[in-house]
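Participant: Take a look and give me a structure for this.
(2 chains)
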Amino acid sequence: MNFALSEDHEFLRDSAAKFVDEQVDLSPLLRPGADVSDAGYDQLWDKIVELGWSAITVPEAYGGLGMDYVDLIMIIGETGRALAPSPLFGTLAGAWAIEKAGSEAQKSDLLPKLAEGLKLALAVADETGSYDNMDSDVTAKASGDGVRLSGTKSFVVDAASADHIVVSALLDGRKDYFVIDRSAAGVEIEVLQWRDITRQVCKVVLNDVAAERLEQSSDDVWPWVRDRMYLVLAAESAAGIRMVLDDAVTYAKERIAFGRPIGAFQAIKHQLANIAGSAEGANALVQYAAWALSEDDGEGSLAAAMAQSYTSEHYKEATHRNIQVFGAIGFTWEMKNHLYYKRARCNAELLGSPASQREQVVRMLEQKAA
Amino acid sequence: MDFNLPGEDDPRRIKVREWFEKNPNPTYAQLAEQGWTASNWPEPWGVSADAETQFIIDEEIVRAGLELPYTINAIALNQCGQSLLTHGTEAQRQKFLPGALACEDIWCMLFSEPSGGSDLGGLRATAKRDGDHYIVNGHKIWTSVADEASVGVLVARTDPSKPKHMGLSVFLIDMNSPGVTVNPIIDMSGNKNEYNEVFLDNVKIPADALLGREGDGWRIVMEQLQTERVGMTKPGVVWGMGPTARDLMDGLIKTGRISDPLLRDDAAKVYIEGEILRLLTFRNMTNRINGTPAGFEGSAGKMMSSPHGQRMADIAKRSQGASGMIRDPDVLPLPNKKWGMFSNWDYAYWFSPANTLGVGTQEVLLNVVAERVLGLPRDSDPTAKVPFSELSGGLAKAAE
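Facilitator: This is a model prediction of the structure:
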């Protein structure tokens, strides 16, 4: 039993913190009218690649750093805390899909390119945002010695930045995974007016696009990848709760009303104490989920679903409370409070609602009891 | 990072188990000789066990069919006894600890008073020095196990000329002294629980019953409450004890009640909260093993576990519907009955309002977390800096 970060973990976290504090500048987003195109989305990428983060969990055999998910959340906690705009989320998701669904040759071909800056995206959700739709949102057709994809995917994170997109598509009644070039003929990408303007979320329309089937495609791919995507969002959310709590606490100590710092009033104190509780709970669940996924001990899926549902639900609450503590100034576009509020809200929908993850939790427990 | 608990083949466990094989049905006195009734204490009382070794020893005690020592004699072995190691004299340790560790002398904690529990610093019981004795007068309430206890840990005012937190002292008193009257309290659950009120009427106690120095009382009491709250940061339904959300979920699944769509999502929420509390106990264990100062656990842990227990008990009741409103229906089964009177969701539910009252109300805990963990400004207490004897109203009068 050892529920503590190692010195290596702390070093990784601290160097990531230093990097984002020096490099991330959200000020262009705080001008009214700003959208994700003002986020400098790809500006940090070369440096992120240099740090090895895009290939952090890629096995060493494929040119990655071969680190585990506890290491990963040291990084994600910091990029999430700072709302660092970059195509890291999409790249991680695409890489996991290739790691799980690719053949040896495909993995040896694609994964080493991550360390050189390859950007990826993973297109699974349909136009309604559903990940469970087994209908033909995108259909694959054999054509000559290859496969061609047609149809529409949506809510694809980082598709516009990506070099390759991994797409789930129906082939002979099976949902398989395919890799396409973003610049291939027939690919149309629309950046959505996603409310979280620190994240690029896109609709992808495919019209007879050349694709390569990932040869180990199976029904196990999506749950495996999804658990890891849950972990990433949960790690962002847990760090975000801590961030908006700290900001609100600092403000409550400085802001004077009725002759006292507002943080002296129990109405404020009690709200913030409760958020301190969620911050601790979120942190514990995320670290446990990261460990369980790394150990592959059979509890990883349950831990990841718990972490994602709890952290996103409480991130929503914490960012709302944060604005309430700031008062009306926290409601303006020029303050960054709303960027966190929107990140929190979007994190609680992007991979399904917290309630849908709790439903997964109960189903897993029912299966275990059966 | 490693969440695996020590396994069956852990050499520390094998050693403990061998002893139990050679000594079937041991007494607590025998366990105390091994240093296992407070294994985390230093020698000669315990074995300086780290949190993991303590976990193993506790598991093996339960495996041998015995109740854990610190549930039998919680006040001595969990909350207060360690104060003697830091603040007591050698004579006090020799006098009080052997009986406590053998679970032969049960201790109680004479803290709360009818005039206030959460504002403990305003307590009115007095101890006046009279030669080589103190004379104690006062009225204590919500004293767990006072009816069984032979030793009382008393906090009383020794100097009313000081502000309220400054003039307090702690004593170890003989509960069989003349002038001590114990009356059980029947709480709203309807059960004769472990609570009592205790009247102290000119109780004469020897001067060497004083723990630490006169005026040290507040500091000692705060340490003891902190230890008590750490112990409550667990996933059980009542102050960390009893069945957990895992047991609740198990019952809901076995009875099929989990398929009620109006219950299902709330049950999942409570299950996740329970897992968080479980993880926080692991973090607490780790901090103790690594010698890291206690962090968030304690007040904050109790702040989370108390309302969690209430929500859990409420879901158990909701799953029972109207039939849950009949006394002791036990409609929702528990997989086992190892929690004494809490082995019944009915009792857990009707008891649950106490969760956010005992050991400091939820409101006081939220203040403590906001002030000590988050560093927000202290709440103003107009009575904090004034000599206790100058306070208006009944406070000063009672203290005279």
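
Participant: okay, CA-based contacts and neighbour counts for the rest of this
Facilitator: Will do.

Participant: Look at A:D8 and say how many residues are nearby.
Facilitator: Residues contacting A:D8 under the criterion other CA atoms under 10 Å in any protein chain shown number 10.

Participant: domains in the chain, as residue ranges please.
Facilitator: Going with chain A. What automatic domain parsing lists as the domains of chain A is A:7-116, A:120-213, A:221-369.

Participant: wait, chain B
Facilitator: Taken from automatic domain parsing, chain B resolves into B:11-66, B:107-215, B:233-359.

Participant: so how far is the first one from its chain's centroid?
Facilitator: It stands for domain B:11-66. 21 Å (CA atoms, centre = their mean, to the nearest Å).

Participant: got it, and stretch A:150-166?
Facilitator: Distance of stretch A:150-166 from its chain centroid, counting by CA atoms, centre = their mean, is 15 Å.

Participant: Now do the end-to-end distance for it.
Facilitator: 14 Å (CA to CA, to the nearest Å).

Participant: and stretch A:186-193, how far from the chain's centre?
Facilitator: Remark: stretch A:186-193 is offset 20 Å from the chain centroid, using CA atoms, centre = their mean.

Participant: Please apply the same query to stretch A:222-232.
Facilitator: 9 Å.

Participant: What ranges does the stretch 101-250 of chain B have for its helices?
Facilitator: B:217-232, B:245-254 (DSSP state H, counting those that start in this stretch).

Participant: With mean neighbour count and distance to chain A as extra columns, can I get those helices in TSV?
Facilitator: Output for the helices of the stretch 101-250 of chain B, formatted as TSV (neighbours: other CA atoms under 10 Å in any protein chain shown; distance: least, CA to the nearest CA, whole Å):
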stretch	mean neighbour count	distance to chain A
helix B:217-232	20	15
helix B:245-254	21	7
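
Participant: Need those in TSV (columns: mean pLDDT).
Facilitator: Converted to TSV, those look like this (pLDDT from 0 to 100):
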stretch	mean pLDDT
helix B:217-232	84
helix B:245-254	94
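
Participant: Can you point out the buried residues in the longest helix belonging to chain B?
Facilitator: Longest helix in chain B by number of residues (criterion: DSSP state H): helix B:261-290. Neighbour counts over helix B:261-290 (16 or more other CA atoms under 10 Å in any protein chain shown) mark B:263-289 as buried.

Participant: in terms of contact count, name the helices or strands touching that helix.
Facilitator: helix A:266-295, helix A:354-369, helix B:51-63, helix B:245-254, helix B:299-320 (3 or more CA pairs under 8 Å, 6 or more residues apart in numbering or on different chains; DSSP states H and E).

Participant: who wins for proximity to A:L302 among those helices?
Facilitator: Closest approach to A:L302 among the helices and strands packed on helix B:261-290 (CA to CA): helix A:354-369, 5.9 Å.

Participant: For the closest one, which outside residues touch it?
Facilitator: Contacts to helix A:354-369, defined as CA atoms under 8 Å, 6 or more residues apart in numbering or on different chains, come from residues A:302, A:305-306, A:308-310, A:312-313, A:348, B:250, B:253, B:264-265, B:268-269.

Participant: quick one, it and helix B:245-254 angle?
Facilitator: Relative orientation of helix A:354-369 with respect to helix B:245-254: 80 degrees, computed using axes from the mean of the first three to the mean of the last three CA atoms, to 10 degrees.

Participant: buried set for helix A:354-369?
Facilitator: Residues of helix A:354-369 classed as buried: A:P354, A:A355, A:Q357, A:R358, A:E359, A:Q360, A:V361, A:V362, A:M364, A:L365, A:E366 (neighbour count, 16+ other CA under 10 Å).

Participant: now those residues in JSON lines, with pLDDT?
Facilitator: Below are the buried residues of helix A:354-369 laid out as JSON lines (pLDDT from 0 to 100):
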{"residue": "A:P354", "pLDDT": "98"}
{"residue": "A:A355", "pLDDT": "98"}
{"residue": "A:Q357", "pLDDT": "98"}
{"residue": "A:R358", "pLDDT": "98"}
{"residue": "A:E359", "pLDDT": "98"}
{"residue": "A:Q360", "pLDDT": "98"}
{"residue": "A:V361", "pLDDT": "98"}
{"residue": "A:V362", "pLDDT": "98"}
{"residue": "A:M364", "pLDDT": "98"}
{"residue": "A:L365", "pLDDT": "98"}
{"residue": "A:E366", "pLDDT": "98"}
